[in-house]
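>>> Predicted model follows, preceded by the sequence.
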Amino acid sequence: MTATYSKTRSSHSAFEALQCKECGAEYEPKATHVCELCFGPLEVKYDYDWLRKTVTRETIQAGPNSIWRYRPFLPVETDNVIDVGTGMTPLVQANRLARRLGLKKLFIKNDAVNMPTLSFKDRVVSVALSRARELGFTTVSCASTGNLANSTAAIAAHAGLDCCVFIPSDLEAGKVLGTLIYNPTLMAVHGNYDQVNRLCSEVANTHGWGFVNINLRPYYSEGSKTLGYEVIEQLGWQLPDHIVAPLASGSLFTKIYKGFKEFVEVGLVEEKSVRFSGAQAEGCSPIAKAFQEGRDFIAPVKPNTIAKSIAIGNPADGVYAVDIARKTNGNIESVSDAEIVDGIKLLAETEGIFTETAGGTTIAVLQKLVEAGKIDPDETTVVYITGNGLKTQEAVQGYVGEPLTIEPKLESFERALERSRTLDRLEWQQVLV
Ligand SMILES: *Cc1c(COP(=O)(O)O)cnc(C)c1O
């Protein structure tokens, strides 16, 4: 599972160039991310005719059980990629949660168990570091809200790359320890993510490192397309009707959309309209605000929420996310920190999945959209759960009850059991009055 995947087949790749998303100017695929003419973001361009002729459902299914089964759709030139078993996470039919909410066909795409570091970021980092190695980088880096730091440090360790990671200094203990264990250089910056990101742009210009989410961003962001491909494949080569996903920079959301469109374009799945709905925390909801106020620009905010992994106040892909939600007849909603905690608990109690604050945000927004009649109960709805709850234990500490401490004696157990049942009854009576 942790071997470097190396297959000998034609090295022809559909990956051609970088292209400006705004003006269409094309660039050689190097470590660059901004258009020199109009300052628009650069995106990877592929030869879709070649993909249509070359890739079939069968060739994909014959590939590895990881994101690299979609390698022709990813921005690498050779098959010598870093495969640490990332991707192909479970798509779980969530019947108990669906019944609780009044939905009929609800699925959870569970990246809380992605490999190797239990978040969706392993997808983007596997791609970015594979490309970084092709471009000759020996030191890799990132500006992170937590999960990206974990992924970059772990996968750099596996690939033998030097690694220097930047985080805001107030992150959860699990995110910090979950980075340090891989022994990178870890810079904890006094400031919020947006300040960390600005600092990293300066470092990228002066040190010549490969920053996965700055100068390698066009490659990095392509990794999120695999969350679209996998859902299509796992639904039996069909598109869902509605997806709900969290928004930080908005990249993940826009790339799921790109992934769906590409599979239609090359004939791997039948076209169908899919509604895209996004989730933010009230304490950092610049994209939700722009959507709700009908604006085409994002007004940056200062984050203040327990959902730190999605707390980006100045989101790079925010306008594109708003555009997709609008044109697909979706929504972008935000929820309070208290609702986020309830969302984490609801998913755990109904489906046995312990997610972090970003997942709590997404579940709480799902619930809000259902209650507002913005999700049709008959729609096949896929909810993206992007991170693991063991990394943000602070968020639910104090909201999960306590163990019943007993002596190693049968009567002590019986007494405790009776007490807990009495307490349950009392709680129920309080609910009823
Ligand atoms: C980074 C992150 C996201 C969203 O990232 P984008 O910047 O919008 O691509 C969502 N969930 C978790 C857990 C994350 O770490």
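Thanks, I have it.
>>> what does this protein have sitting close to the ligand?
Within the chain, the positions near the ligand by C-beta under 6 Å from any ligand atom are 119-121, 147, 246-252, 309-310, 356, 358, 386-387. Placement of C-beta: from N, CA and C, glycine included.
>>> give me that answer again for 5 Å
N147, P246, A248, S249, S251, L252, S309, A358, T386, G387 (C-beta under 5 Å from any ligand atom).
>>> Where do the helices of the stretch 151-300 of the chain begin and end?
173-180, 193-207, 217-222, 225-234, 251-265, 286-292 (DSSP state H, counting those that start in this stretch).
>>> Just say which of those is most tucked in.
helix 217-222 (a mean of 27; mean count of other C-beta atoms under 10 Å).
>>> which residues are contacting that helix?
With C-beta atoms under 8 Å, 6 or more residues apart in numbering as the test, helix 217-222 has contacts from 18, 29, 32-33, 41-44, 73-75, 124-125, 127-128, 131-132, 211-213, 251, 254-255, 316-317.
>>> same thing with stretch 169-181?
117, 145-147, 149-150, 153, 165, 167, 186, 188-191, 308-309, 390-395.
>>> Can you pull out the low-pLDDT segments for this structure?
Along the chain, the model assigns pLDDT under 70 to residues 1-12, 431-433.
>>> for it, what's the longest helix?
Identified as the longest helix of the chain according to DSSP state H is helix 410-432.
>>> who does it touch, helix- and strand-wise?
For helix 410-432, there is no helix or strand it packs on, judged by 3 or more C-beta pairs under 8 Å, 6 or more residues apart in numbering; DSSP states H and E.
>>> For it, C-alpha coordinates in CSV please.
Below are the C-alpha coordinates for helix 410-432, written out as CSV (Å, rounded to 0.1, in the frame of the first residue of the first chain):
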residue,chain,number,x,y,z
LEU,A,410,-21.1,-6.8,39.6
GLU,A,411,-23.2,-4.8,42.1
SER,A,412,-21.2,-1.7,41.3
PHE,A,413,-22.0,-2.2,37.6
GLU,A,414,-25.7,-2.8,38.4
ARG,A,415,-26.0,0.3,40.5
ALA,A,416,-24.4,2.5,37.8
LEU,A,417,-26.6,1.0,35.1
GLU,A,418,-29.8,1.7,37.2
ARG,A,419,-28.5,5.3,37.8
SER,A,420,-27.9,5.9,34.1
ARG,A,421,-31.4,4.6,33.2
THR,A,422,-33.0,6.9,35.8
LEU,A,423,-31.0,9.8,34.4
ASP,A,424,-32.2,8.9,30.8
ARG,A,425,-35.8,8.8,32.0
LEU,A,426,-35.4,12.2,33.7
GLU,A,427,-33.9,13.7,30.5
TRP,A,428,-36.9,12.3,28.5
GLN,A,429,-39.3,13.8,31.0
GLN,A,430,-37.6,17.1,30.6
VAL,A,431,-37.9,16.8,26.8
LEU,A,432,-41.6,16.0,27.1
